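Undergrad: Model the structure of this input:
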Amino acid sequence: MALSPQQEESRFRAEVEKVREFFSRPRFRYTERAHTPEDVVALRGSLEERPLSGFVATKLYNSLRNSYENGEFLHTFGALDTIQVTQMAKYLPCIYVSGWQCSSTASTTNEPGPDFADYPSNTVSNKVDQLFRAQLFHDRKQNEERSRMSLSEKEKNPAIDYLRPIIADGDCGFGGVTSIMKLMRLMIEAGAAGVHIEDQKAGAKKCGHLGGKVLVPVSEHVNRLQAFRLQADIIGTETVVVARTDAVSANYLENNIDIRDHAYIAGVVDRNIEPYAIANDKGAWLENTKMIRYPEAVAEVMRKDGKNDLALKFLSEAYRLSNDDARQLAGQYGYGNVYWNWEIPRSNEGYYRIVGGTDYATMRAIAFAGKADMIWMETSKPNLKQAVQFSKGVHSVFPNQMLAYNLSPSFNWDLIDDNEILRLQRELGKLGFVWQFITLAGFHLNSLATDLFAREYSKNGVMKYVTMIQREERKEGVETLTHQKWSGTELKDRELTVATGGTSSTGATSGATEDQFAFAKSKL
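TA: As a prediction, the model looks like this:
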């Protein structure tokens, strides 16, 4: 029955107050919103949404914030499938779902490819759904199994938390604001407790460890983050929003509409280079052409004139200004005639070239703070000195901002001393990098294990299965040794028994082949 106008108004006001109370939770004390409770309620339907991911989102945020306050960290890796996500639950506090992994192994078109985010936009959420359903299933299976245990058996066999929060890769959002909101809805409904989105241009996105990356203006990525938060608020979840910036190693900027980007755009200082004359040179001219940021170009001339203090003063001011205002400032200091041109180096697509770096990533992180719960600076190598610079820069403005760090398999870790590797995560945790993850460990683990076994099995047959897999599963106490039980046959037998009032005679576990594992080898 439809509500009367008075009832409708009363309901709206009551919902607004509930959202206002939601916004005031301690969990959101560091969150900035561009929308109001009235906006949220107006964008909701008449039925309340309660996705299960809301429970794990709250758990994730609380774990992250607690770790941050204690200088600790949560760490994990990218899960490839339901087996990995279930086995990881025994040891790791959360789960990562990588867009790279999904692009290469799990596209909803079933066509693999590199990480260009050119797979269908529901690819990662589809993988999240698969993994989250596996978590729910194994949680249910465990609950049934423990219902048959005595108290002493339960005390000897602690329960496993299968509902480890999943953080998923949202790439660039696959379009504009409404596409980004649709993506966030898919992720939340699929079971994601957190989602990250990067500041590359959709349609030109590359893996963070490839070349040719194009950034969007700061303001556009801020809008993306606000869209993520708005969608989570509409659904009513505390989903963790992670902002990633590729400003350390990106090559291009889509446009110069946001003045905050101006100081990092590259220009040429050679007056002899003709505008647009290099269009057909296929970039060869760049090899011998100096490109530099405008503040640095002016400071360089000042230093040549022996005015080092003036150069430092100019740099401290110019990085906060638009290019026009920086030129005016240079003129006030007597250096308004320094030649610098940012139009000439533009790409064939019209993108501006940039000089990336940790300082650029820090500026962007400060702009994203408050809109995101965590900020991830993508790096080209594991570098503690760089991490210190980034952490200090961000925390000088936002001291409570949580950070994330990619322990990427794209890094050649053998270029680093083992002792440095051993202490890296602990030191990163002290700096506020509260979430640390190996994006593709599940992928590499799967490849290595399969390659080793396939090679040995091809030469020595089933004996290698026995020695490399089955005996190792038994030795390490890995549950997949009895894969029928692992898959939930006992749970299904219980369902069958209960549903038929105990009259079914087709139970799957009685007389199963896996009964053999209850006996020693001599009794087989």
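Undergrad: who touches the spatially most central residue of the chain in this structure?
TA: By CA atoms, centre = their mean, the chain has its centre lying nearest to His196, at 3.9 Å. Counting by CB atoms under 8 Å, 6 or more residues apart in numbering, His196 touches Ile167, Ala168, Asp169, Gly170, Val241, Val242, Ala243, Arg244, Met374, Trp376, Ala404. For the C-beta atoms, the positions are set from N, CA and C on the backbone; glycine is no exception.
Undergrad: ok, and the closest non-adjacent residue to it?
TA: Excluding the flanking residues, the one nearest His196 by CB to CB, 6 or more residues apart in numbering is Val242, at 3.5 Å.
Undergrad: to the chain's geometric centre, what's the distance from the host helix or strand of that neighbour?
TA: In the assignment (DSSP states H and E), Val242 maps to strand 240-245. Centroid separation for strand 240-245 versus its chain: 6 Å, with CA atoms, centre = their mean, to the nearest Å.
Undergrad: and that strand, what's its mean pLDDT?
TA: In this model, strand 240-245 has a mean pLDDT of 98.
Undergrad: Just after that strand, pick out the following helix or strand.
TA: Assigned by DSSP H and E, the successor of strand 240-245 is strand 252-253.
Undergrad: sorry, back to before: near the residue nearest to His196, how many residues? Count them for me, please.
TA: 25 (other CB atoms under 10 Å).
Undergrad: thought it was touching Glu378?
TA: No. With contact defined as CB atoms under 8 Å, Val242 does not reach Glu378; the gap is 11.8 Å.
Undergrad: what about Ala243, how many neighbours?
TA: 26.
Undergrad: what packs against the strand holding Val242?
TA: Under the contact definition 3 or more CB pairs under 8 Å, 6 or more residues apart in numbering; DSSP states H and E, strand 240-245 sits against helix 53-69, strand 194-198, helix 218-235, helix 358-368, strand 374-377.
Undergrad: Quick check: can you name the pairing partners of the second one and their directions?
TA: In other words, strand 194-198. In the sheet, strand 194-198 lines up against strand 166-169 (parallel), strand 240-245 (parallel) (DSSP bridges).
Undergrad: Quickly compare those strands and say which is most buried.
TA: Neighbour counts (mean count of other CB atoms under 10 Å) averaged over each of those peak at strand 166-169, with a mean of 28.
Undergrad: now the longest helix anywhere in the chain, how far from the chain's geometric center?
TA: Longest among the helix segments of the chain by residue count, using DSSP state H, is helix 123-147. Distance of helix 123-147 from the chain centroid (CA atoms, centre = their mean) equals 21 Å.
Undergrad: Which helix or strand contains Ile292?
TA: Ile292 is part of strand 291-293 when elements are defined by DSSP H and E.
Undergrad: Any idea how many residues pack against Asn308?
TA: 11.
Undergrad: which residue packs closest to it, ignoring adjacent ones?
TA: In space, Asn308 is closest to Met302, 7.5 Å off (CB to CB, 6+ apart).
Undergrad: How about Leu60?
TA: Distances taken as CB to CB, 6+ apart put Pro165 closest to Leu60, at 3.6 Å, once the chain neighbours are dropped.
Undergrad: so who does that neighbour touch?
TA: Residues near Pro165 by CB under 8 Å, 6+ apart: Val56, Ala57, Lys59, Leu60, Ser63, Pro93, Cys94, Ile95, Ala193, Gly194, Val240.
Undergrad: now swap in Trp342 and tell me
TA: Asn256, Ile265, Ala266, Gly267, Tyr294, Asn323, Tyr352, Arg353.
Undergrad: Would you mind listing the buried residues in stretch 209-227?
TA: Judged by neighbour count using 16 or more other CB atoms under 10 Å, the buried positions of stretch 209-227 are 209, 213-218, 220-227.
Undergrad: swap that for stretch 192-209, sorry
TA: 192-202, 204-209.
Undergrad: so where do the strands sit in the stretch 351-500 of the chain?
TA: For the stretch 351-500 of the chain, applying DSSP state E, counting those that start in this stretch gives strands covering 352-353, 374-377, 402-406, 433-438.
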